[in-house]
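Participant: model the following, please.
(one chain, ligands or ions: 1)
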Amino acid sequence: MTLSLSLQVRGLDHAYGPTTVLQHIDLDVPAGRIVALVGPSGCGKTTLLHLCAGLLAPQQGRIARPAGPSAIMFQQPRLVPWMATLDNIALGLKAQGMARAQRHRLAREVALALGLPEASLAQYPAELSGGMQSRAALARALVLQPALLLMDEPFSALDVGLRGQLHQLLLARQAQSGMAVLLITHDLMEAVRLADEVLVLAATPGRIVARYQPPGQARARGEALVHRCAAELLQQPEVRAAFGLPEQEAPDSATAPPAMEGAGLWLPAAHCPASRAGHGC
Ligand SMILES: Nc1ncnc2c1ncn2[C@@H]1O[C@H](COP(=O)(O)OP(=O)(O)OP(=O)(O)O)[C@@H](O)[C@H]1O
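Facilitator: Sure thing, here's the model as predicted:
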């Protein structure tokens, strides 16, 4: 099956002054897929997301974005404090010039689908819980029906239950809409739980050192499979080195566990040329 490409990055380098923070980044996020970018603090994840969003200009290399609208979701909800929740959610539609009644109708629809109570829509952000603010931020992004959704650790400040709920809501919406999602996370388990492809970024300079495709559809992945896949990924020397973990000792063949069933497809980045990335390499 040929997947139409939504986001394509080729040969991207970026430096802040004399310091190179991203080197030779190649990635594809096809429509209808979630690609997770995982790596240690400071490896350049946010810089890469900002380049993909057009918030920073590429210094070298090229980025092709989809023709449709893009939306970005940050770690903090970043709601406008003096606007009611409904107006916050409808903000992007207002910027597109949509009439007030229509944008409020669409914003209400998405907000309720994401579990925000009707009463919260007239409240100001300071009156909402942290979880409700995160739902509002997700609603503000989804109401735009983006062809591309860029997410910078949007769930990292949430408790495990709420994070799980928002994961499910994101997957359900994504399955309906066919948008492409680039998700940045520190959390390997979250990456394996949600993504069609996990890219591991190492630091200094930031570069992709491993590409991993967890098996099956994200919505069908159970916890046990997610744990097994994350463990498999963490056995790879490139991934361990990226996260500063010590090398693993060679397994004792007498006591080594059997090969993991249902595990995903892993390749070090060097064995996965850009031309094949995202296409079942
Ligand atoms: N505007 C800037 N000017 C100079 N250096 C910067 C700037 N923004 C980021 N950096 C540096 O670039 C490197 C990558 O930063 P970036 O925020 O992209 O990493 P990250 O992987 O998102 O980190 P974290 O996971 O901690 O958020 C870091 O060393 C950071 O200090």
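Participant: what residues does the stretch 101-250 of the chain put near the ligand?
Facilitator: Selection of the stretch 101-250 of the chain residues close to the ligand by Cβ under 6 Å from any ligand atom yields His186. From N, CA and C alone the C-beta is placed, and that goes for glycine too.
Participant: switch the cut-off to 8 Å
Facilitator: By Cβ under 8 Å from any ligand atom, the residues of the stretch 101-250 of the chain that approach the ligand are Asp152, Glu153, Ile184, His186, Leu201, Ala203, Gly206.
Participant: ok, the last one touching Leu22?
Facilitator: Yes: at 4.5 Å, Gly206 and Leu22 qualify as touching, with contact defined as Cβ atoms under 8 Å.
Participant: shared neighbours of the two, which are they?
Facilitator: When contacts are counted by Cβ atoms under 8 Å, 6 or more residues apart in numbering, Gly206 and Leu22 are jointly contacted by Gly44, Thr47, Leu48.
Participant: so who does Asn88 touch?
Facilitator: Leu79, Val80, Pro125, Ala136, Arg140.
Participant: make sure I have this right: the second one is in a helix.
Facilitator: No: using DSSP: H, G, I helix; E, B strand; the rest coil, the assignment for Val80 is coil, not a helix.
Participant: let me have the contacts of Asn88 in a markdown table, extended by neighbour count, distance to Arg173 and pLDDT.
Facilitator: Listed next are the contacts of Asn88 as a markdown table, based on neighbours: other Cβ atoms under 10 Å; distance: Cβ to Cβ, whole Å; pLDDT from 0 to 100:
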| residue | neighbour count | distance to Arg173 | pLDDT |
| --- | --- | --- | --- |
| Leu79 | 23 | 19 | 96 |
| Val80 | 12 | 23 | 96 |
| Pro125 | 19 | 22 | 96 |
| Ala136 | 26 | 15 | 95 |
| Arg140 | 25 | 13 | 96 |
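Participant: nearest to the ligand among those residues?
Facilitator: Among those, Leu79 lies closest to the ligand (Cβ to the nearest ligand atom), at 20.6 Å.
Participant: how close does the residue of the stretch 151-281 of the chain found nearest the ligand get to Met98?
Facilitator: Nearest residue of the stretch 151-281 of the chain to the ligand: His186, at 6.0 Å (Cβ to the nearest ligand atom). When distance is defined by Cβ to Cβ, to the nearest Å, His186 is 36 Å away from Met98.
Participant: and the closest residue to Ser177 other than its chain neighbours, what element?
Facilitator: Nearest non-adjacent residue to Ser177, counting by Cβ to Cβ, 6 or more residues apart in numbering: Gln145, 6.3 Å away. Using DSSP states H and E, Gln145 maps to neither a helix nor a strand.
Participant: I'd guessed Gln145 sits against Pro66; true?
Facilitator: No: with contacts counted by Cβ under 8 Å, Gln145 stays clear of Pro66, the gap being 11.9 Å.
Participant: which ones are touching Pro246?
Facilitator: Contacts of Pro246 by Cβ under 8 Å, 6+ apart are Arg240.
Participant: what pLDDT is listed against Leu233?
Facilitator: On pLDDT, Leu233 comes in at 90.
Participant: equivalent analysis for the one 10 residues further on, please.
Facilitator: At Phe243, the predicted lDDT confidence score is 90.
Participant: which residues in the stretch 151-281 of the chain form helices?
Facilitator: Applying DSSP state H, counting those that start in this stretch to the stretch 151-281 of the chain gives helices spanning 160-177, 188-194, 223-234, 237-242.
Participant: for the shortest one, packing partners?
Facilitator: Taking 3 or more Cβ pairs under 8 Å, 6 or more residues apart in numbering; DSSP states H and E as contact, the helices and strands that helix 237-242 lies on are strand 197-202, strand 207-213.
Participant: now the residue nearest the centre of the chain: how far from Gln174?
Facilitator: By Cα atoms, centre = their mean, the chain has its centre lying nearest to Leu183, at 0.8 Å. Distance of Leu183 to Gln174, computed by Cβ to Cβ: 10 Å.
Participant: identify the contacts common to the two.
Facilitator: Ile34.
Participant: returning to what we had before: of the residues of the stretch 101-250 of the chain next to the ligand - the most surrounded one?
Facilitator: Using other Cβ atoms under 10 Å as the neighbour criterion, Gly206 leads those with 27 neighbours.
Participant: so in terms of bridging, what pairs with Glu197?
Facilitator: Val35 (DSSP bridges).
Participant: show me the contacts for it.
Facilitator: Arg33, Ile34, Val35, Ala36, Arg211, Tyr212, Gln213, Gly278.
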